[in-house]
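**Student:** just the structure for this:
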Amino acid sequence: MQNPIKQCLTLFTTGLFLWLLWGFWSLGQSVTIFVSVFVLVLTGGMLFWQYKQRRQVLSTEHEYTGAFPTDNYQGPVILVCGQSQALFLDDQLHRETNQGWYIRVSAPTELVKLIAALVEYAPSLSGHLSLLYVVLPEQLTQQETLTQALLNWRRAIGEGRQKIGAKLPFWVTVYLSKPHHTDTAMHVDDEHTPWMTLLSHQTEFQVEQEGAMSVPYSVWLPAHFGQSEQSLQFSLWLDTLQSWLNQVLVPQFTLPQAGAPKQIPSAWAIQWIDITSQPNNLWQQFIQEKTTLPLRSSVQTTDLLPLPDVMLRRLHHDINLSRTEKSLGAIGVIFGVFFMGALVGSYHHNQQLIRHIGEDIARFSQLSEVPLAPKLTAYQQLQDDAAELARWEREGIPSAYSLALYQGNRILPYLHTLLGSWAPSQPEIPPEAPTAPPQIVTLDSLSLFDVGQYTLKTGATKVLVDALLNIKAKPGWLIMVSGYTDNTGNPEQNQKLSLKRAESVRDWMIQTSDISPTCFAVQGYGQNNPVADNNTADGRARNRRVEIRLIPQAEACQILGVNTVPSMDGGTHSTRKEK
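**Tutor:** All right, here's what the predicted structure looks like:
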């Protein structure tokens, strides 16, 4: 039965931590990336370890198939440790009675795996688990073996309690042969021999038999033996057993040892029944040491020793939470830690915001308007602060400033008031000088050319020199030479004639002056754009002209190149390679 709860909690914790790291804390980008990678690697390692643990639990479940009770089992579940082989057959893993479910644990190394598998298999059983340690003194022959075995069991029990996260009841059952001559008085049958029990808060053994009320040992002894030799013999036998327990067994449970926590039994149960004794066992050694008398050997008469069912109803179990309750509790703790971390981060960011804007306000208030630049810089910084707070108000507060600690909604109105209380004085801008209209020089065509010709007359030099003196080339200004005719003749021929005349004027100026060819452009308009009435001789004379004017143009008079002259009002283009 797979349980992904731990994996889900691990991923949930990692997700919240990354959210906390990127959303609420400011550790710097490099540190944040490093911590994020480290956490992701650590999470991967934990998930892999949990996967290995899960595989181990499944392996243990497979080994103990059929030994576990069902998930809805309501009775006690007892893990039998110590000399448990005496209570089970060779291939038997569990025994079930009317009172409880006993599971055999053959070695300390199996106890931790068995507890983890049992809790994983049936989590509801964790509140019914207890640990029973079985002791048969007549089958123990070496004190060192007993000491080492108990240390191993103590380590395993401590690890098992850490695994389950709860303190499981730990109790001890001792099986010992009956004293000689008391068999008849104590024996009813092998399954109903009286048990002597002792809880941690009791001072006297109680004698219990299934189906009967428990009675104190001091009451039971005279009732069964009377004032006979058997009563004295049994009392000495019990006193000797108590001495052996106090001197030999109990110290092994409480002896300080690293990694092996003390185990104090919460209950004791003693069963008087014939046990097949080993030669020179610890019980015989103890009797001979006390009395110097040899002890007779005994032989077990039953296949299985009786189980201490009489103790099950008297065991005290700690209140254990269910898996769902534990998971909800873990989620609550994880989210509580995340919330506290988020509050700390939000508080820190809001304090930084208040301090930053407060410093900007103090700087602006302390600066005077002379000089103006520092005051204006502080003013612009306040504008940036206000713009950022306004944007957060529209689009949503960043998570690093949230959790009801955001103070920007109180600061923003004050910033608006402060910004509205001062405005920087605007420097006086001198009025722009009016742009002079383009300079135009108009030349009479008849003074330059013969009728119908575009070659300059010999006497045209003086007129052109005067025009050249009036036109001064300068970067960024284009010298536009435009030719015009009257409406006499063919319009197409007039246009070509006007263009040729403009080119002739331009060529003369280039040859005569040091003006760069890049400063010139020519146009031929023909009979278009008349300045006078073509119906009169005087008007036609005025229309036959060449105009030279300066036109602003950013790239004019800069480099040697090709000028493309667009036609205007029906004119044509003239493309000429300047030299």
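
**Student:** what strand or helix carries the closest residue to Ile334 other than its chain neighbours?
**Tutor:** Spatially, and ignoring its direct neighbours in sequence, Ile334 is nearest to Thr13 (5.3 Å; C-beta to C-beta, 6 or more residues apart in numbering). The way it works is simple: take the backbone N, C-alpha and C, and place the C-beta from them, glycine included. Using DSSP states H and E, Thr13 sits in helix 5-23.

**Student:** helices or strands up against the helix or strand just after that helix?
**Tutor:** Sequence-wise, the next helix or strand downstream of helix 5-23 (DSSP H and E) is helix 29-63. Applying 3 or more C-beta pairs under 8 Å, 6 or more residues apart in numbering; DSSP states H and E, one finds that helix 29-63 contacts helix 5-23, helix 108-121.

**Student:** out of the ones you listed, flag the one nearest Lys457.
**Tutor:** helix 5-23 (88.3 Å; C-beta to C-beta).

**Student:** ranges for the helices of the stretch 351-500 of the chain?
**Tutor:** Counting by DSSP state H, counting those that start in this stretch, one finds helices in the stretch 351-500 of the chain at the ranges 372-395, 408-420, 445-448, 461-470, 491-512.

**Student:** Asp384: neighbouring residues, count only.
**Tutor:** Neighbour count for Asp384, taken as other C-beta atoms under 10 Å: 10.

**Student:** meant to ask about Ser266
**Tutor:** 20.

**Student:** do you know how far Ala223 is from Pro179?
**Tutor:** 18 Å (C-beta to C-beta, to the nearest Å).

**Student:** typed the wrong thing, it's Met46
**Tutor:** Met46 is 58 Å from Pro179, by C-beta to C-beta.

**Student:** for Trp171, which residues are in contact?
**Tutor:** The neighbours of Trp171, taking C-beta atoms under 8 Å, 6 or more residues apart in numbering as the test, are 130-133, 265-269, 311, 315.

**Student:** just the pLDDT at it, thanks.
**Tutor:** If you check Trp171, the pLDDT there is 94.

**Student:** so it lies in a strand, does it not?
**Tutor:** Yes. Assessed by DSSP: H, G, I helix; E, B strand; the rest coil, Trp171 belongs to a strand.

**Student:** quick check: buried residues in stretch 90-101?
**Tutor:** Across stretch 90-101, burial judged by 16 or more other C-beta atoms under 10 Å covers 93-95, 99-101.

**Student:** from those residues, pick the one nearest Thr301.
**Tutor:** Nearest to Thr301 among these is Arg95, at 18.9 Å by C-beta to C-beta.

**Student:** pass me the low-pLDDT residue ranges in the stretch 151-300 of the chain, would you?
**Tutor:** 180-192, 210-211 (pLDDT under 70).

**Student:** try it again at 50.
**Tutor:** 188-189 (pLDDT under 50).

**Student:** what about the helices in it?
**Tutor:** Taking DSSP H, counting those that start in this stretch to define them, one finds helices in the stretch 151-300 of the chain at 183-186, 217-225, 229-244, 250-254, 282-291.

**Student:** looking at the protein, which helix or strand is least sure?
**Tutor:** When each helix and strand of the chain is scored by mean pLDDT, DSSP states H and E, strand 574-577 comes last, with a mean of 38.

**Student:** circling back: count of neighbours near the residue nearest to Ile334?
**Tutor:** Neighbours of Thr13 (other C-beta under 10 Å): 20.

**Student:** likewise for Asn409?
**Tutor:** Asn409: 11 neighbours (other C-beta under 10 Å).

**Student:** distance of the residue lying closest to it once chain neighbours are set aside relative to Leu415?
**Tutor:** Sequence neighbours aside, Glu393 is the residue nearest to Asn409 in space, at 6.8 Å (criterion: C-beta to C-beta, 6+ apart). To Leu415, Glu393 is 12 Å away according to C-beta to C-beta.

**Student:** follow-up on the earlier one: in strands only, show me the buried residues of stretch 90-101.
**Tutor:** Among these, the ones falling in strands (DSSP state E) are 94-95, 101.

**Student:** for Trp283, state which of those residues is nearest.
**Tutor:** Checking these against Trp283 with C-beta to C-beta, the nearest one is Arg95 at 25.5 Å.

**Student:** dump the residue contacts of the closest one.
**Tutor:** 87-88, 101-102, 304, 307.

**Student:** what of Asp507?
**Tutor:** Applying C-beta under 8 Å, 6+ apart, no residues qualify as near Asp507.

**Student:** distance check, it against Ile361.
**Tutor:** For Asp507 relative to Ile361 (C-beta to C-beta), the value is 72 Å.

**Student:** can you check Thr302 too?
**Tutor:** 94 Å.

**Student:** so those two - more neighbours on which side?
**Tutor:** Ranked by neighbour count (other C-beta under 10 Å), Thr302 and Ile361 place Ile361 first, with 18 against 11.

**Student:** and the more buried one, how far from Ala378?
**Tutor:** From Ile361 to Ala378 the distance is 9 Å (C-beta to C-beta).

**Student:** and for Pro371?
**Tutor:** According to C-beta to C-beta, Pro371 and Ala378 sit 12 Å apart.

**Student:** looking at those two now, which is surrounded by more residues?
**Tutor:** Ala378 (18 against 9).

**Student:** based on its surroundings, how many neighbours for the closest residue in space to that one that isn't next to it in sequence?
**Tutor:** Among residues not flanking Ala378 along the chain, Phe364 sits closest, at 4.0 Å (C-beta to C-beta, 6+ apart). As a burial measure, Phe364 scores 20 neighbours (other C-beta under 10 Å).

**Student:** widest-spaced pair of the contacts of Arg95?
**Tutor:** Using C-beta to C-beta, the two most remote members of the contacts of Arg95 are Trp101 and Leu304, lying 15.6 Å apart.

**Student:** on the pLDDT front, check the residue nearest to Arg544 when sequence neighbours are not counted for me.
**Tutor:** Counting by C-beta to C-beta, 6+ apart, Ser445 is the residue found nearest to Arg544 once chain neighbours are left out, at 4.1 Å. Note on Ser445: pLDDT of 73.

**Student:** go ahead and confirm Ser445 touches Val546.
**Tutor:** Yes. Between Ser445 and Val546 there is a contact under C-beta atoms under 8 Å: 6.1 Å.

**Student:** mutual contacts of those two, please.
**Tutor:** Counting by C-beta under 8 Å, 6+ apart, the contacts common to Ser445 and Val546 are 483-484, 501.

**Student:** which one of the residues you listed has the most neighbours?
**Tutor:** Gly483 leads those on contacts (other C-beta under 10 Å) with 31 neighbours.

**Student:** need the pLDDT of that one.
**Tutor:** Gly483 is given a pLDDT of 88.

**Student:** is it in a bridge, and if so with what?
**Tutor:** Beta-bridge pairing of Gly483 under DSSP bridges involves Gly524, Val546.

**Student:** domain ranges for the chain, per the record?
**Tutor:** The chain breaks down by automatic domain parsing into domains covering 1-63, 73-320, 326-420, 440-577.

**Student:** and Leu202, how far from Phe253?
**Tutor:** Not quite, residue 202 is Gln, not Leu. Taking C-beta to C-beta, one finds Gln202 at 18 Å from Phe253.

**Student:** am I right that Gly82 is in contact with Val134?
**Tutor:** Yes. The pair Gly82 / Val134 is scored as a contact, 4.3 Å apart, by C-beta under 8 Å.

**Student:** so where's this protein shaky on pLDDT?
**Tutor:** 1-2, 188-189, 560-579.

**Student:** who wins for neighbours among the contacts of Arg95?
**Tutor:** Busiest of the contacts of Arg95 [other C-beta under 10 Å] is Tyr102, holding 25 neighbours.

**Student:** next, count neighbours for Ser84.
**Tutor:** Count around Ser84 with other C-beta under 10 Å applied: 18.

**Student:** list the contacts of it.
**Tutor:** Here Ser84 is in contact with 104-106, 134 (C-beta under 8 Å, 6+ apart).

**Student:** can you say which of those are buried?
**Tutor:** 104-105, 134.

**Student:** any chance of those in TSV, with secondary structure and distance to Thr70 too?
**Tutor:** Shown next, in TSV, are the buried ones among the contacts of Ser84 (DSSP: H, G, I helix; E, B strand; the rest coil; distance: C-beta to C-beta, whole Å):
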residue	secondary structure	distance to Thr70
Arg104	strand	18
Val105	coil	20
Val134	strand	25
